[in-house]
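Colleague: Compute the structure for the input listed below.
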Amino acid sequence: MLWRVCRGNVFLRQAEIDTPLEDPVTGDQVNKSVFIIFFQGEQLKSRVKKICEGFRATLYPCPETPAERREMAIGVMTRIEDLNTVLGQTQDHRHRVLVAAARNIKIWFIKVRKIKAIYYTLNMLNLDVTQKCLIAECWCPVQDLDRIQQALRRGTVSYQ
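Modeller: Residues are numbered from 1 along each chain as shown. Below you'll find the predicted structure:
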């Protein structure tokens with residue numbers, strides 16, 4: 001298509017990328033290719049740009065002089081190194097957080113079970129008319145009545 005539109009005044013080099021890349025939006029594996037187009041003039045530039053935009057290709061600038069290209073390549077390499085450093089630090093931090101959570105997970109499960117049991121028991125109680133206390137009716141052994149009354153008194157004293 002480029003050859004016809006530009007009437008043969010374009011030089012194209014392309015290469016397929018062997019490994020599929022992950023699409024950042026959908027997460028699907030996508031096969032991609034890379035290409036570079038050499039041409040002269042603003043009119044050809046606008047035609048090539050329209051064709052690339054039609055195929056949803058990502059356009060990257062290419063500096064004119066070798067020094068600028070070298071500087072751009074160094075900048076890209078620096079950004080890649082920085083991103084790799086950030087990724088490594090993120091993975092290390094995530095690993096440390098997960099290891100710390102793994103140490104405490106049994107304790108958290110026990111706490112959650114206790115809290116659920118407390119709420120289950122509290123949901124079986126009724127509010128009195130003044131809505132200042134909960135009323136419960138239950139069976140208990142006669143021999144434990146003194147201990148239960150002492151516990152209730154202790155709870156009342158510590159509450160006041």
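Colleague: now V10, nearest residue through space, not along the chain?
Modeller: The shortest distance from V10 to any non-neighbouring residue, by C-beta to C-beta, 6 or more residues apart in numbering, is to F39 (4.8 Å). (Glycine included, C-beta is placed from N, CA and C.)
Colleague: if I read this right, the one you found contacts K49, doesn't it?
Modeller: No - with contact defined as C-beta atoms under 8 Å, F39 does not count as touching K49 (10.4 Å).
Colleague: Pick out whichever of those two has more residues nearby.
Modeller: Neighbours around F39 and K49, counted as other C-beta atoms under 10 Å, are more numerous at F39. The numbers are 16 against 13.
Colleague: who's in contact with the more buried one?
Modeller: Contacts for F39 (C-beta atoms under 8 Å, 6 or more residues apart in numbering) come out as 6, 9-11, 45, 48.
Colleague: from these, which two are the most distant?
Modeller: Taking C-beta to C-beta, the two most distant members of the contacts of F39 are F11 and K45; they sit 13.8 Å apart.
Colleague: about what we covered before: restricted to helices, list the contacts of F39.
Modeller: Of these, the ones assigned to helices by DSSP state H are 45, 48.
Colleague: can you tell me how far D92 sits from V86?
Modeller: Taking C-beta to C-beta, to the nearest Å as the measure, D92 and V86 are separated by 11 Å.
Colleague: now C133
Modeller: Counting by C-beta to C-beta, the gap from C133 to V86 is 57 Å.
Colleague: Kindly report the same for K116.
Modeller: For K116 relative to V86 (C-beta to C-beta), the value is 40 Å.
Colleague: For stretch 110-127, what does the pLDDT average out to?
Modeller: Stretch 110-127 comes out with an average pLDDT of 91.
Colleague: Now do it: distance to the chain's middle.
Modeller: With C-alpha atoms, centre = their mean, to the nearest Å as the basis, stretch 110-127 stands 34 Å off its chain's centre.
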